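[1] just a sequence and a predicted model for now, questions to come.
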Amino acid sequence: MQSLTSSLVHTTVRGNYRVGTCVRRGMLPWKLKTDVRLYQWRTFSSLGSTSGRSKPQIDGSPFITTPIFYVNAVPHIGHLYSATLADTLHRWYKVLGYQDTIFSTGTDEHGLKVQQSALRHGKPTKEYCDQVSLQFKELFIKSDIGYTDFIRTTEDRHREAVNHFWNKLVANGYIYEGAYKGWYAVSDEAFLTDEQVKDVKDEDGNIIKVSSETGNPVEWTEEKNYMFRLSEFGPRLKAWLSSDTNVIKPAKFTNLIHQWIQDGLPDLSVSRQRSRLEWGIPVPNDNTQTIYVWLDALVNYLTVCGYPDKTHLWPAVHLVGKDILKFHAIYWPAFLMAADMPPPRAILCHSHWMVNSQKMSKSKGNVADPFEKIQTFTKDGLRYFLMREGVPHSDGDYYDEKVVKYLNAELAGTLGNLLSRCTAKSLNPKQVFPPFHLSAFPAISANDSQSETEYFDSDELIKSLQDLPDIVNAYYQNFQVHKAIEAIMSCLRQTNSFMQHYKPWNLKKQPENAKLLDTILHVAMESLRISGILLQPVIPTLSDRILTRLGIPKDHRQWEHLEGFVSYNGQRNPYEDQPLGKDNTPLFKQIKTIENN
């Protein structure tokens, strides 16, 4: 049963004081020494259950995809952001204990844009695709992107899936022969209406037509081809969007999709004349036509789950950039409904990356090369920055100085310094995970080495750490990785303040405080253990180093191992007195200078 004193502590301190800071006795209702003793004797029943954590359930199947990336240009920092975000979410599935998962990425290698790009580079189209696709694969390997499937649209398995899907649409009556007359944006591989284009002046002062949405040039096209009955799907798409408020994330993009539907959905051309576009999958039973590149590309999400033989773990979560939202939130679900398949479970739409507050552009020479940035900041350093700074609902802004600021302050400082302090031989000569002494813990609420009027709310720190896994899980599952990281860093900053307040380096000089020293170091290491497990999806290599240094076995790094501070209820922490790992090198070195490339 919780004591009256314990209740008073939680109600008063949590209601009025910032978590993890020192507060003065004069600010609190207990001013007499007898009250202080009662506070020191408080019970711990309110600090949370010590039973093992059951695995949280996810909404749907653990199946996440990135867009497949066009091979008309080499990868840039925006591509890596998409891949890292999806990889982080997939790794979280693994931390939760899900073993049967799909995380797919890959390259989109068909279409007029690719055909023209290969021609400009003076290479056969397939050879050009092989070369650029390999660069994406190499980037993902260097960045620790742990995909389960890297799909290329030039693969035979994909051609089979596309042919089957096309035939299903034909059999269900949603494709018919017709004629398309209108605008086409080669750069976007998109058909546009008159309302979707505008006049602008080019660099020479000539008036040209461009896409209103992307600003890319368009050309007038008239050709006989195959049409998809998109106009029939407005009501069904609205019903899908209304069925679950979490279908589109962030929610701000839902209104945009509704507006597209409200503006009307004309039937969509789903093929091009093969005389104009040779590089693509021919329409089944009509070798004069090539399947529209977006219909071809979108089917990749089915190819990776075994279609047409099976649809393992479908439907998926699609992670896409805002420039391709219409293709994924209008065309793709309509195609799926027409083929008698469920639409995507969710679409996570993220914004773009600027460089020094300007749009990335080859002509401006400001495209951030991820290969160079990995060389400068390490793979985990770059991953951390992209996940820390990237906010799906607004554009990110990349510049080296900002990366340095985050990495020095949080990886080298908040995280690295805490690890170095509590594992240092000067404080921990036995090099073990020190035990927690319940009898000593209450005393650390009043720091005898400081003024008697100063207290640290250590109780609140422990409660924050015990609550942290559930908070972080909610953020990960809501695709808010940046908030998950901030929650973890907030607890780590509290722990650093905890160490700074109680100054274990002074306690080391006082043999009578040996148990108190052990307990302080135990709290710091538990904070690092919990944070290290939670950070595995973001910085897998550094998290491994943290947990290995703490002596945590590799099979003790999942959700079920996140119950912290079990010693409060008289249980023995399984890591107490276990030897630490040998690697005592700095976790992340401060970055002092940057060589401008």
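    Nice, thanks for sending it over. Bear in mind the structure is a predicted one, so any value in this text is a computation, not a measurement. Numbers count the residues shown, from 1 in each chain.

[2] low-confidence stretches in the stretch 1-150 of the chain?
    Applying pLDDT under 70 to the predicted model, the residue ranges of the stretch 1-150 of the chain that meet it are 1-52.

[3] shaky segments in the stretch 451-597 of the chain?
    Applying pLDDT under 70 to the predicted model, the residue ranges of the stretch 451-597 of the chain that meet it are 451-456, 568-569, 595-597.

[4] can you map out the strands along it?
    If DSSP state E, counting those that start in this stretch is used as the criterion, the strands of the stretch 451-597 of the chain fall at 454-456.

[5] ranges for the helices of it?
    All helices of the stretch 451-597 of the chain, identified by DSSP state H, counting those that start in this stretch, fall at 458-477, 481-502, 504-507, 514-534, 540-549.

[6] looking at those helices, which is closest to Gly264?
    helix 458-477 (35.4 Å; C-beta to C-beta). Yep, even glycine has a C-beta here, placed from its N, CA and C like the rest.

[7] got the buried residues for that closest one?
    Of the residues in helix 458-477, those with enough neighbours to count as buried (16 or more other C-beta atoms under 10 Å) are 458-466, 468-469, 471-473, 475-477.

[8] for stretch 408-419, same thing?
    When burial is assessed from 16+ other C-beta under 10 Å, stretch 408-419 yields the following buried residues: 408, 410-419.

[9] and which of those is nearest Ala251?
    Lowest distance from Ala251 to those (C-beta to C-beta) belongs to Glu410, with 28.8 Å.

[10] right, and the closest one touches Met489 too?
    Yes - in this structure, Glu410 sits in contact with Met489. The criterion is C-beta atoms under 8 Å, and the distance is 5.8 Å.

[11] same list (the buried residues of stretch 408-419) but as CSV, adding distance to Gly551.
    Converted to CSV, the buried residues of stretch 408-419 look like this (distance: C-beta to C-beta, whole Å):
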residue, distance to Gly551
Asn408, 27
Glu410, 24
Leu411, 21
Ala412, 22
Gly413, 23
Thr414, 21
Leu415, 18
Gly416, 18
Asn417, 20
Leu418, 16
Leu419, 12
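
[12] just checking, Arg157 touches Thr303?
    Yes - here Arg157 reaches Thr303: they are 5.9 Å apart, a contact under C-beta under 8 Å.

[13] looking only at neighbour counts, state which of the two leads.
    Under the criterion of other C-beta atoms under 10 Å, the comparison of Arg157 against Thr303 puts Thr303 first, with 24 against 13.

[14] so what's the more buried one up against?
    Residues in contact with Thr303, defined by C-beta atoms under 8 Å, 6 or more residues apart in numbering, are 151, 155, 157-158, 161-162.

[15] just say which of the helices of the stretch 451-597 of the chain is most tucked in.
    The highest average neighbour count among those, using mean count of other C-beta atoms under 10 Å, belongs to helix 514-534 at a mean of 24.

[16] rewinding a little: which single one of the buried residues of stretch 408-419 is nearest to Thr290?
    Each of the buried residues of stretch 408-419 was checked against Thr290 using C-beta to C-beta; the closest is Leu411, at 48.4 Å.

[17] can you give me phi and psi for the residue nearest to that closest one when sequence neighbours are not counted?
    If you skip the residues right next to it in sequence, Leu411 has Phe588 as its closest partner in space, 4.1 Å away by C-beta to C-beta, 6 or more residues apart in numbering. Comment: the main-chain dihedrals of Phe588 come out as phi -150, psi 120, following degrees, to the nearest 10.

[18] show me the helices in the stretch 51-200 of the chain, by range?
    With DSSP H, counting those that start in this stretch as the definition, the stretch 51-200 of the chain shows helices at residue ranges 77-96, 112-120, 125-142, 156-171.

[19] any chance of those helices in TSV, plus distance to Ile485?
    Formatted as TSV, the entries for the helices of the stretch 51-200 of the chain read as follows, by distance: least, C-beta to C-beta, whole Å:
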stretch	distance to Ile485
helix 77-96	10
helix 112-120	36
helix 125-142	21
helix 156-171	35
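
[20] out of those helices, which gets nearest to Glu563?
    Comparison of those against Glu563 by C-beta to C-beta identifies helix 77-96 as nearest, at 14.1 Å.
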